[in-house]
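**Student:** output the structure for:
(chains A and B)
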Number of protein chains: 2
Amino acid sequence: MTSMQDAAPGRPDARADVARTATGSPRWIVAIDVGGSGSRLVAARLERDPDTDLAATPDAHRTSLTGRPVAIGPDGSDVADVVHDLGAAFVTAWTETHGEPPVVAAAAVGATGVATLVPDPTAVHDALRASLGAERTAVAADAVTAHLGALSGRAGAVVAVGTGTIALGTDLHEIWQRVDGWGHLLGDLGSASWIGAHGLRAALAAHDRRSTGGSRPLLAAATARFGPAPTWPAQLYTRPDRAQVLGSFTPDVAAAAAAGDPAAVQILTEAGRHLAESLAAALVPGLPPLAAATGGVLAAGPSLTGALTRRFAALRPDAELVPSAGTPLDGALHLARLLAESTGSTGDPGGTEGTAALVAHEPWLSLGGPHPDPAPATGTSTSSAPRTDSHPDSHPAPITGDPT
Amino acid sequence: MTSMQDAAPGRPDARADVARTATGSPRWIVAIDVGGSGSRLVAARLERDPDTDLAATPDAHRTSLTGRPVAIGPDGSDVADVVHDLGAAFVTAWTETHGEPPVVAAAAVGATGVATLVPDPTAVHDALRASLGAERTAVAADAVTAHLGALSGRAGAVVAVGTGTIALGTDLHEIWQRVDGWGHLLGDLGSASWIGAHGLRAALAAHDRRSTGGSRPLLAAATARFGPAPTWPAQLYTRPDRAQVLGSFTPDVAAAAAAGDPAAVQILTEAGRHLAESLAAALVPGLPPLAAATGGVLAAGPSLTGALTRRFAALRPDAELVPSAGTPLDGALHLARLLAESTGSTGDPGGTEGTAALVAHEPWLSLGGPHPDPAPATGTSTSSAPRTDSHPDSHPAPITGDPT
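**Tutor:** Down below sits the predicted model:
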C-alpha cells in the first residue's frame, strides 16, 4: 500500500527563476529511502530561498510519499522495483494535480543492502530515470545516506542503528571505513535484533531458572508478545525475517529497562557500549574528530545512550559526539541536492562545475546521468522520461503541496 | 553412504538359552542414534554373559552400522525414513550372513528434534517394526538417550553438548526437567554453534579494529576456513544449516585457545560456565545430586571443562559431577535392553513384569509394541516383519560378528 502525506503549503518564490527550466517550471530534487520496514520519498524545490527559515518550516517546498519495504528474493533485493513504483506514484499524483510532470533535476536513493545484496546499481539508476525522468541520479548504501543526514554532509563517523548496526567513517571522497554491518548472527552489535535476542535469552534464562541472566519481567513481556516459551523456536526458526522478529522485542526490553529491570538495563548498557566501539573504530585517522549516532533504536532509553556517550568519550576524548542533524531520508535529499548543484544552474549536461563535491565510490555510492537521450519518451524501462504507470499497490492521492 | 564396521568376534554362550526363541535363535536388541551429522546403529545380544567382562571387550556380541544424517524438510524431520533405511540395511546384511533374519526383541531410537520436530513418533515406531521386526520399540529425544548413556540409567542431570546444548534432569519416571535446547538464536549456550559464533565475532572485531573483543589468530583461522571476511555474510545467511556452519568453526577456537589466544580462552571459559549453569538448573529437587556432561564439544579443551567443573561445584557443592559413562548410542542400547527386559524372558506380549522400570513420557519418550499382528509380512510400511529392501545409498558389507 502506498499512502500520501499532505505537505505543508509552500510560498511562491520570485527568486526561483535561477532554477527554472526553459519552459519556466521550477526544478525539483527527489530523495528515496528504501528500508526493510518501508520506503519513503520526499521531493523538494531545488532552489533555496534565503529569506525562508527552513528550520522553522521544514516541510515547506516539500511533498512526501511512503511505499512498501524492500524484499529479498532469489535474485537479491528488489530495490529497483520499489524505487520505480514509488517514483511513478509520485509522478502520477503530481501530474494529476499540476497538469504536467515535475521537472526533476536530480534524484538520490539510499537503500538497505546496496553494498551487499544489489548486484548492480544500474537497475536502480534506470528506475530513477524511467519513473522520475531525473537528469542526474545517485544510488547509495543506507549507511551513506544515514551519514549524510546525521552530519549534514560533513566528514566524520556515523553509526546507524536499526534492525542492524553499521558504522561508516567517511569524508565522501577518499576515506570509506565500514565497521560492523555483519548481520544478526555475526555482528550488528547493539542493534534492535541484538537487543531483542539478548532480551529473549534473558526471558528464557528465567524460564529455565538459570542461576544468572534471567529476567521475570522480560519473560512476562515475551510470553505476552509471542505466547508460551516452548513455542518460540518454531515461530522463529521457520521465518525468513528472523532479525526483524528478534528486533520486534526491543520495545519490550526498553520498557522493562524503564521500569528498572536490571537485566534489561544491562542489555541496553552493553548495546550502548558496542555502538560506541563501532563508532570509535569507524573514526579512522584522516577524518575530523566528529561523530554522531542515528536510528530509532537510540530511543530505547538513557541506559543505552548514556553508555554510548560515556564509552565513546573514554575511547575518543578528543572527538565531538554531536546530535544527529537528520534522518537517512534527509541524507538522501542532501545527496540529491549535491548532485543537482554539481552541474551548476546552467543545465549544462556535461558541466563539471562543482562536481568535486561528489565522487562515486562503489559499492557505497554510484552516480548516474545525465542520460545520453534526455528527450521525453515512454514505454521502455530505460527511458529518461517520467512514466505515469504506477504499481498496482499504489493508490496515490492528490498532492497538496507547493504548486509554485 | 552406509558403511559397515566389523564387530569383534563373540563367544558362544551356553547360558543364552533363556533368551532364545522357540526356534532356538538368540534374541537381539537394536539401538539407533539419529543426529544432524549422521546416524548409527548398534545391535547386541539380549542375554548378558556373567562370565564375560563386557568392559574389557565392549564390542563383543555387537554389530554396528552407520548411515545418513536426519534432514529437516517442509514436513519436519525425516527421522522415520532414516531409521527404516538403517534398520533395513542391517537386516539385509545380517540375513546374507546368517541365512535368516535376526530376532529383535526390542529396538530403541534416540533422535535429534524428537521433542520438537517429529510431529508424531508413531511413524518412527512403525519404521522400527517394519524394518527390524522389533517386538517392542522405544522412541526418545536424543537428550534422553544422552542421559541414559552418560549416567547408565541412573537418575540425575545430564547436559549434552553438540551443535546445540540441552540439559535434562530426570529420573525417567516423574521428573523431566529440560533446560536450554532453544536453538542457536535463542540459546544453545556453550554449544558448538555458540562457540563458533562467538569465535567469528571475535574474528570480525579484529577485522573491524574494534577496541575490545578482537582476536587476530581467530581472524586468520576464519579467513583460512571461509575466505575474506566480507564474503562471510553471503556464505552464512543463504544456508539453511547456519548452526552447523557456525559450529564448524569451533575446532579453530579450540586450537586458538590451546595456543594461548586470550579471546579464544575467554570464549571457551564462558561456554563452560554456561554449560554448568544449564546442568545445575536441570538438577531439580527430587533428583539425586548426580550430574554429567557429554558430547564432542567437551573436547574443546581444559578452558571449557575446567570452567564447567568449577562453576558447577560453586552452584551445587553437594552434587557429584561424574564422567560420562557412555554415548547417546550406548544410552539407546540401554533403553532397548530396559524395554526387552521389561517384558521378562517369557515372551509374553502382554506381560507387565518389570514394566515399572520404563514409563513413557511424551514427547521425551514413547513406547510401542508388542504389535497386534506379530506375524511376518512384507510390502507395507506398517508390517511388523523385517524388510530386506535397503536404501539405494546403503551398501552393506557382510557382518562378521557373533553368529552364535
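
**Student:** which parts of the stretch 151-300 of chain A sit against chain B?
**Tutor:** A:179-180, A:182-187, A:189, A:197, A:200-201, A:204, A:208-212, A:232-234, A:236-237, A:242, A:246, A:277-278, A:280-281 (C-beta under 8 Å from any C-beta of the partner chain). Where C-beta positions appear, they are placed from N, C-alpha and C, glycine not excepted.

**Student:** one more time with 7 Å
**Tutor:** By the rule C-beta under 7 Å from any C-beta of the partner chain, the part of the stretch 151-300 of chain A lying against chain B is A:179-180, A:182-183, A:185-187, A:197, A:200-201, A:204, A:208-212, A:232-234, A:236-237, A:242, A:246, A:277, A:280-281.

**Student:** how close does the residue most central in space within chain A sit to A:Gly162?
**Tutor:** Nearest to the geometric centre of chain A sits A:Pro328, at 3.6 Å (C-alpha atoms, centre = their mean). Per C-beta to C-beta, to the nearest Å, A:Pro328 is found 9 Å from A:Gly162.

**Student:** how near is the closest residue to A:Gly247 other than its chain neighbours to A:Leu268?
**Tutor:** Spatial nearest neighbour of A:Gly247, excluding adjacent residues (C-beta to C-beta, 6 or more residues apart in numbering or on different chains): A:Ala192 at 3.4 Å. Separation of A:Ala192 from A:Leu268 (C-beta to C-beta): 11 Å.

**Student:** go on, A:Val109?
**Tutor:** 32 Å.

**Student:** out of these two, which sits in the more crowded spot?
**Tutor:** A:Val109 (33 against 29; other C-beta atoms under 10 Å in any protein chain shown).

**Student:** may I see the buried residues of stretch A:316-332?
**Tutor:** A:316, A:319, A:321-322, A:324-332 (16 or more other C-beta atoms under 10 Å in any protein chain shown).

**Student:** got those residues as a markdown table, with distance to chain B columns?
**Tutor:** Shown next, in a markdown table, are the buried residues of stretch A:316-332 (distance: C-beta to the nearest C-beta, whole Å):
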| residue | distance to chain B |
| --- | --- |
| A:Arg316 | 10 |
| A:Ala319 | 13 |
| A:Leu321 | 16 |
| A:Val322 | 21 |
| A:Ser324 | 22 |
| A:Ala325 | 25 |
| A:Gly326 | 26 |
| A:Thr327 | 25 |
| A:Pro328 | 21 |
| A:Leu329 | 25 |
| A:Asp330 | 27 |
| A:Gly331 | 22 |
| A:Ala332 | 24 |
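
**Student:** which of these lies closest to A:Leu41?
**Tutor:** A:Leu329 (8.4 Å; C-beta to C-beta).

**Student:** give me the mean pLDDT for the strand or helix carrying the closest one.
**Tutor:** Using DSSP states H and E, A:Leu329 maps to helix A:328-341. The pLDDT scores in helix A:328-341 average 93.

**Student:** who's in contact with the following helix or strand past that helix?
**Tutor:** For helix A:328-341, the following helix or strand on the C-terminal side (DSSP H and E) is strand A:365-368. For strand A:365-368, contacts defined as C-beta atoms under 7 Å, 6 or more residues apart in numbering or on different chains pick out A:121, A:125, A:137-140, A:144, A:358, A:360.

**Student:** from the residues you listed, which land in helices?
**Tutor:** Of the contacts of strand A:365-368, the ones assigned to helices by DSSP state H are A:125, A:144.

**Student:** from the contacts of strand A:365-368, keep the buried residues only.
**Tutor:** Applying 16+ other C-beta under 10 Å to those flags A:121, A:125, A:137-140, A:144, A:358 as buried.

**Student:** neighbours of A:Glu100, how many?
**Tutor:** A:Glu100, neighbours per other C-beta under 10 Å, totals 11.

**Student:** mind listing what A:Ala332 touches?
**Tutor:** Counting by C-beta under 7 Å, 6+ apart, A:Ala332 has contacts A:31-33, A:108-110, A:145.

**Student:** give me the nearest residue to it, chain neighbours excluded.
**Tutor:** A:Ala332 sits nearest to A:Ala31 (C-beta to C-beta, 6+ apart), 3.6 Å away.

**Student:** ok, now which ones touch whichever residue of the stretch 301-404 of chain A sits closest to chain B?
**Tutor:** In the stretch 301-404 of chain A, the residue that lies nearest chain B is A:Leu315 (5.8 Å; C-beta to the nearest C-beta). By C-beta under 7 Å, 6+ apart, A:Leu315 lies in contact with A:276-277, A:280, B:211.

**Student:** helices - which of the residues you listed land there?
**Tutor:** Using DSSP H, the contacts of A:Leu315 in helices are A:276-277, A:280.

**Student:** secondary structure element holding A:Ser303?
**Tutor:** helix A:302-315.

**Student:** which element follows that helix toward the C-terminus?
**Tutor:** Trace forward from helix A:302-315 with DSSP H and E and the next one is strand A:320-321.

**Student:** quick one: list the elements packing against that following strand.
**Tutor:** strand A:290-294 (3 or more C-beta pairs under 7 Å, 6 or more residues apart in numbering or on different chains; DSSP states H and E).

**Student:** now the strand it packs on: average pLDDT?
**Tutor:** Here the average pLDDT along strand A:290-294 is 98.

**Student:** direction included, what does that strand pair against?
**Tutor:** If you go by DSSP bridges, strand A:290-294 pairs up with strand A:156-161 (parallel), strand A:320-321 (parallel).
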